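[1] requesting a structural model of the entry that follows:
(one chain, ligands or ions: 2)
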Amino acid sequence: MKNRRFINAATELIAPVNFRCIVCGKDIFDESGFCADCLKELVFNNGKTCLRCGVALDGEEDYCGNCAFDKTYFDKGYSPFCYEGAIRSVILDLKFHQKGAYARVLAKYLAFVALKENLQFDVVTFVPMSAKSLKKRGYNQARLLAEQFCDILNVDALCETVVKIRDTQPQEKLSRTERKTNLTGCFRFSPQANVKGKRVLLIDDIKTTGATVNECAKVLKRHGATSVIALTVASRREKFDYENEQENL
Ligand SMILES: [Zn+2]
Ligand SMILES: [Zn+2]
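    Ligands and ions are numbered 1, 2, ... in the order given. From the prediction side, this is the model:
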């Protein structure tokens with residue numbers, strides 16, 4: 001019985017990631033996580049990006065609306081994907097449909113970015129969830145991504161540095177003014193952590209407004225981090241429109 005239970009558990013954990021496309025479920029014969037058809041549909045964030053936060057830019061500007069007008073505490077942001085199409089549904093599954101195993105596939109792309117951009121870090125950390133949300137979901141997808149990232153790169157650098165002390169509204173549903181106050185004071189530095197004089201890599205699943213990683217970066221900088229790089233699986237594409245700036249940002 002014991003063995004059978006073990007085999008079932010292992011199959012459940014590994015099979016969906018290793019042998020099935022995480023978008024369409026088709027059988028695949030490598031560990032890439034995507035079939036050839038779905039791979040073609042992925043929108044990589046490999047065009048022009050904001051010089052600070054790394055979101056995709058369509059216009060002439062060098063910075064996105066947030067980085068151009070608001071103070072950013074992280075030094076640089078990177079995302080391998082735009083938050084569109086297939087990757088959006090994969091992230092929603094990872095987050096809301098108990099597909100924690102998808103973190104392995106997605107973390108490979110984070111590792112590619114870290115190697116390609118030669119990112120320098122001493123500590124790998126992740127955007128936290130409140131204790132209440134964590135209990136409800138059973139796992140923090142950002143933590144899973146950070147764990148898999150460290151495992152893939154074989155680095156012993158994972159550290160919980162920031163805790164979330166209360167629940168907040170999803171940023172993308174709020175107005176620009178509401179977004180600024182929504183996250184105020186919701187993150188605290190973890191008493192066991194130490195980032196003094198250290199370069200921190202902060203991992204999360206998505207970056208839409210960038211306010212969440214920015215608030216975490218603020219806490220990390222206040223506790224002595226020398227640099228904070230935000231690495232997220234996907235980020236928004238900015239369609240910059242100066243005339244409607246107040247409404248859209
Ligand atoms: Zn597929
Ligand atoms: Zn930006």
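[2] now do the SS call for A142.
    helix (DSSP: H, G, I helix; E, B strand; the rest coil).
[3] can you tell me the closest non-neighbouring residue to it?
    F126 (4.0 Å; CB to CB, 6 or more residues apart in numbering). Any C-beta I mention is one placed from the backbone N, CA and C, and that applies to glycine too.
[4] give the bridge partners for the one you found, please.
    Beta-bridge partners for F126, by DSSP bridges, are I203.
[5] can I assume it is in contact with Q148?
    No - judged on CB atoms under 8 Å, F126 makes no contact with Q148 at a distance of 10.9 Å.
[6] which one of the two has more residues nearby?
    F126 (26 against 22; other CB atoms under 10 Å).
[7] so the more buried one versus L220, what's the distance?
    Using CB to CB, to the nearest Å, F126 is found at 12 Å from L220.
[8] quick check: neighbours shared by these two?
    Shared contacts of F126 and L220 (CB atoms under 8 Å, 6 or more residues apart in numbering): L202.
[9] can you list the residues of this protein near ligand 1?
    Applying CB under 5 Å from the ion, one finds that the chain approaches ligand 1 through C21, V23, C24, K26, C35, C38.
[10] what do you get if the cut-off is 6 Å, keeping everything else the same?
    Taking CB under 6 Å from the ion as the measure of proximity, the chain contacts ligand 1 at C21, V23, C24, K26, F34, C35, D37, C38.
[11] ok, the fifth one - how many residues close by?
    A count of nearby residues for F34, using other CB under 10 Å, gives 22.
[12] ok, the closest residue to it other than its chain neighbours to K207 distance?
    Nearest residue to F34, sequence neighbours excluded (CB to CB, 6+ apart): C21, at 5.5 Å. Between C21 and K207 the computed distance is 25 Å (CB to CB).
[13] so between these two, which is more surrounded?
    Neighbour count, other CB under 10 Å: between C21 and K207, K207 has more, with 28 against 21.
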